[in-house]
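Asker: give the three-dimensional model of this entry:
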Amino acid sequence: MTRIDFYLVPGADPHGRRVTACRLIEKAYRQGHRVYLHTSSEEEARLLDELLWTFRQGSFVPHELFPGAAEEAPVWVGYGPAPDSLTDVLVNLAPEVPVGFERFQRLAEFIDEDEAVKRAGRRRYKAYKDAGYAPATHRLDGVGGPGSPGEAG
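Answerer: Below you'll find the model as predicted:
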C-alpha cells in the first residue's frame with residue numbers, strides 16, 4: 001500500500017512550497033529512487049524543470065520533462081498521469097489526487113498556508129482516507145526540510 005505523507009510548509013509563498021518539494025526530490029534521487037513530479041500544468045512543469053537546476057547552490061538533480069523523458073532519467077516532471085514504468089516516489093504539486101498514485105510506493109504532498117492550497121489539500125487528504133489510506137502529516141519548520149523530524153499534526 002502506498003505510503004502518503006503530507007508536508008506542511010510554513011508561509012503562503014508557492015515558491016517556498018516548490019523549493020521544499022525539490023529538496024525532497026533531491027533526497028529521493030540521492031537514495032536511488034526514481035521520482036515523478038506531478039504538476040498542474042505544462043507551464044508549472046517547465047517552471048519546476050528550471051527550479052530543479054537552481055533551487056540550491058551546488059544542487060544536481062538530473063531530470064527530464066514528460067512526455068519525452070528518456071527511460072533512464074531518474075526524475076521526470078509532468079502534468080499528466082505518470083508513466084507506468086515509474087513506481088517509486090510520486091511528488092504531487094497539483095490540486096487534484098494524481099491518477100494512478102496507488103501504484104507508487106510513496107506519495108508526497110506539499111501544503112503551504114495559502115487558503116486555496118489548504119482547501120485542495122484537505123480534499124485530497126479526505127479522498128485518501130476514504131480510499132483506506134492513512135496519510136501522515138509532518139509540520140516543517142523551515143530548518144531541515146523534508147526527511148527531518150517534524151511534528152505530526
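Asker: just checking, what packs against the host helix or strand of Ala116?
Answerer: Element membership of Ala116, judged by DSSP states H and E, is helix 115-130. With contacts taken as 3 or more CB pairs under 8 Å, 6 or more residues apart in numbering; DSSP states H and E, helix 115-130 sits against strand 3-8, strand 106-111. The way it works is simple: take the backbone N, C-alpha and C, and place the C-beta from them, glycine included.
Asker: so, low pLDDT: which residues of this protein?
Answerer: 142-153 (pLDDT under 70).
Asker: so how far is Asp49 from the nearest residue to Gly121 once chain neighbours are set aside?
Answerer: Nearest residue to Gly121 in three dimensions, chain neighbours excluded: Ile111, at 3.9 Å (CB to CB, 6 or more residues apart in numbering). Distance, Ile111 to Asp49, using CB to CB, to the nearest Å: 22 Å.
Asker: between the two, who's got more neighbours?
Answerer: Just comparing Ile111 and Asp49: by other CB atoms under 10 Å the higher neighbour count belongs to Ile111, 20 against 17.
Asker: can you pull the contacts of that one?
Answerer: 6-9, 17, 117-118, 121 (CB atoms under 8 Å, 6 or more residues apart in numbering).
Asker: likewise Ala70?
Answerer: Glu64.
Asker: can you map out the helices along this structure?
Answerer: 14-30, 42-54, 115-130 (DSSP state H).
Asker: quick check: which of those helices is buried the most?
Answerer: Using mean count of other CB atoms under 10 Å, the stretch among these with the largest mean neighbour count is helix 14-30, at a mean of 20.
Asker: and that one with strand 3-8, angle?
Answerer: With axes from the mean of the first three to the mean of the last three CA atoms, to 10 degrees as the basis, helix 14-30 and strand 3-8 are set at 140 degrees to each other.
Asker: tell me the contacts of the nearest residue to Ser59 once chain neighbours are set aside?
Answerer: With CB to CB, 6+ apart as the criterion, Ser59 has its nearest non-adjacent residue at 6.0 Å, and that residue is Glu26. By CB under 8 Å, 6+ apart, the contact list for Glu26 reads 56, 59, 61.
Asker: report how many residues lie close to the second one.
Answerer: The local packing count at Ser59 equals 14, with neighbours defined by other CB under 10 Å.
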